[in-house]
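In: Predicted model and sequence follow; I will ask about them next.
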Amino acid sequence: MTLKMLIAARMNLVITLFFSLQFVGYSQEIAKVAQLQLPSKILEQNRPVLVYTPKQYEERDLVSFDVIYVFDAQNRELFDLVHALMNFESPEKQYIVIGIASPAYEETNYYRNSDFSPKPLHVPIEKYLSNKPNAENFWQYVQNEVMPMIDQKYRTTQVQYAIGHSLSASFVLDKSIHAPELFTGFICVSPNLAYDNDRLANDFVAADFKKSAAPKFLYISQSNEPKTWAKPWGLAFEKVKNHVNSHPDFGKCDIILKEFPNNSHWSGFVPAVQEALKLLTVFIDKNPYKLVSNTQEVTFTIRVPNKEDDAYITGNQNTLGNWDPAKIKLHKVSAFERQITLHVQFPLAFKITKGSWQSQATTNQQTDSLENIVINKKSDHAIKLTVLTWNQ
C-alpha cells in the first residue's frame, strides 16, 4: 500500500468513525409519537389518543413537561403541526403534546360534531339533531378520563394549554369562559361563534375575565369564512371583536384577536396557530410557574467532570437564588461531587452554572438547548444530576 493510499484509508476511517459517533450520539434524541387506546366509560367508545413526547424524554427521567392538548386530532396534520412548530418557536422549552381525536363511529351514527356541539339553549334542539349534541359528556371524558390518564402515565407539570380548530375551537373557547381553571392558555382557530343564536359570542361578551386570579392566554382567529360560506360566523366574530376593542383591560388575561382574510377555513390554521404559539411562548416567558407545594427539604447532588470545578444552582425561588447564577454555591463533598440541602417548593425550575451565565452546565437532564430543568415532584427528597459539559 502506497503512502497516498494509506493516508486515504485512514481518512476514510476517521470520517466513518465521526459519522458513526454522530449517529450514536443523536440516536437518543428522537422524539416519539404513541397512539393509546382509551376505553371511555363516559362515552362508551374506544377512543384513540395521540401522545408526543419530546427528544430525550426517557433519558431525562426527572424532568416534567407542560402539556398542550390538541383537539380534532383525527386530522393528524393539526396535531403534527403543533408539536413541530413548538420546536421552532420555543426550542429552549419542550412540551408533551396530546392529540384528542374525534373519529367517526358510523355504526352508531356518531361523528365529531357531536363532541363539540353543546345542547342548544336558544333554538329548538331539532335544528341540531343531526349533530347529536354531546359536548357536555365529551368534556367529562376529557377532564375525568383523558387528563388523569396523561398525568398518571407521563411526567407533567399539570400546566396545560388547549388548541382547537373550527368546532373544536368553539369547544376550547367555551372552556376559556366556563371552565378556565384547567388550562392556562386557549388557542381558538376559526371557531363557530354563531351556534345557537350567537350563544358563544354572547357568553364571551358577558364573561368577567378580570376575576381570574391567575394569568391566562386567549387567542381567537378568523379566516375568510364570512366572505365564502359562513356570513353568520363573521357577524358573531364582529360582536366579539367590538367588545374586545372597547374593553382594553381584561385583568390578567391576555386576549388576542386576529383575522386572516386571505386564508380559507382550513388553510388558515397554519398562519394562525404559528402566530398563536409564538405569542404563547412570550406569555409563558412572562409568567413563570406558580409555586404550589408546601416547602420541602431537598438535597441536590451534582457530579462534575473535573476535580477543580465549582458548581452553583440558580432557579425560580428565593432558596434557589432567584436566577442569580452566582448566589448559591454547592459544597464539595468528594472529588467529583458537589452538594447542598435546601428548602424548596415545587415545581422547581433551575440550572447549574460555574457562577455566571457564561458558564452554564449541560446536564444529563437537559438537551443542548440549555432549557431550564423543571421538576414537579420528588418523593425521596434527593435530586442527583451529572454535568456533561460546561458551556464556556
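Out: That came in fine, so what should we check first? All values derive from a computational prediction rather than experimental measurement.
In: List the contacts of Ser267.
Out: Counting by Cβ atoms under 8 Å, 6 or more residues apart in numbering, Ser267 touches Ser223. To be clear about C-beta, it is placed using only N, CA and C from the backbone, and glycine gets the same treatment.
In: measure it to Val273 for me?
Out: According to Cβ to Cβ, to the nearest Å, Ser267 and Val273 sit 11 Å apart.
In: What are the buried residues along stretch 93-107?
Out: For stretch 93-107, burial by neighbour count (16 or more other Cβ atoms under 10 Å) applies to 93-102, 105.
In: Between these, which sits nearest Ala335?
Out: The shortest approach to Ala335 among the buried residues of stretch 93-107 belongs to Gln94, at 33.1 Å (Cβ to Cβ).
In: That closest one contacts Asn372, correct?
Out: No - with contact defined as Cβ atoms under 8 Å, Gln94 and Asn372 do not form a contacting pair (10.5 Å).
In: can you map out the strands along the stretch 151-300 of the chain?
Out: 156-165, 185-189, 216-222, 253-259, 296-303 (DSSP state E, counting those that start in this stretch).
In: Could you identify which of these is most buried?
Out: The highest average neighbour count among the strands of the stretch 151-300 of the chain, using mean count of other Cβ atoms under 10 Å, belongs to strand 185-189 at a mean of 28.
In: so Pro48 sits in a strand?
Out: Yes - under DSSP: H, G, I helix; E, B strand; the rest coil, Pro48 sits within a strand.
In: can you pull up the bridge partners for it?
Out: Going by DSSP bridges, Pro48 is paired in beta bridges with Gln37.
In: again with Val374
Out: Ala349.
In: residues in contact with it?
Out: By Cβ under 8 Å, 6+ apart, Val374 lies in contact with 63-65, 157, 289, 347-349.
In: If you rank those by neighbours, which is first?
Out: Sorting these by how many neighbours each has (other Cβ atoms under 10 Å) puts Leu348 first, at 28 neighbours.
In: From what I see, that one and Ile375 are in contact.
Out: Yes - counting by Cβ under 8 Å, Ile375 is a contact partner of Leu348 at 4.6 Å.
In: What residues does Leu78 make contact with?
Out: Leu78 neighbours (Cβ under 8 Å, 6+ apart): 70, 72, 99, 163, 165, 269.
In: now do 7 Å
Out: Leu78 sits next to 70, 72, 165, 269 when contact means Cβ atoms under 7 Å, 6 or more residues apart in numbering.
In: What about those residues, which one has the most neighbours?
Out: Taking other Cβ under 10 Å as the neighbour criterion, Val70 ranks highest of those with 28 neighbours.
In: Okay, and it sits in which element?
Out: Element membership for Val70 (DSSP states H and E) is strand 65-71.
In: Can you give me the buried ones in the helix or strand just after that strand?
Out: Counting by DSSP H and E, the element after strand 65-71 in chain order, helix or strand, is helix 76-89. Across helix 76-89, burial judged by 16+ other Cβ under 10 Å covers 78-83, 85-86, 89.
In: So which elements touch the strand holding Val70?
Out: helix 76-89, strand 95-100, strand 156-165, helix 167-178 (3 or more Cβ pairs under 7 Å, 6 or more residues apart in numbering; DSSP states H and E).
In: Residues contacting that strand, please?
Out: By Cβ under 7 Å, 6+ apart, the surrounding residues in contact with strand 65-71 are 54, 78-79, 82, 94-100, 150, 155-157, 159-164, 168, 171-172.
In: Could you list the low-confidence segments of the stretch 151-300 of the chain?
Out: Within the stretch 151-300 of the chain, no stretch has pLDDT under 70.
In: thinking again about what came up before, closest to Asn322 out of the helices and strands packed on strand 65-71?
Out: strand 156-165 (19.5 Å).
In: Any chance of TSV for the buried residues of stretch 93-107, columns distance to Gln35 and pLDDT?
Out: Formatted as TSV, those follow (distance: Cβ to Cβ, whole Å; pLDDT from 0 to 100):
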residue	distance to Gln35	pLDDT
Lys93	25	93
Gln94	20	94
Tyr95	18	97
Ile96	14	98
Val97	13	98
Ile98	11	98
Gly99	9	98
Ile100	12	98
Ala101	9	98
Ser102	15	98
Tyr105	17	94
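In: Show me the two of those residues that sit farthest apart.
Out: Longest span within these, Cβ to Cβ: Lys93 and Tyr105, 36.8 Å.
In: burial of Pro271, as a residue count?
Out: Quick note: Pro271 (other Cβ under 10 Å) scores 16 neighbours.
In: Quick check: nearest residue in space to it, chain neighbours excluded?
Out: Spatially, and ignoring its direct neighbours in sequence, Pro271 is nearest to Phe260 (5.7 Å; Cβ to Cβ, 6 or more residues apart in numbering).
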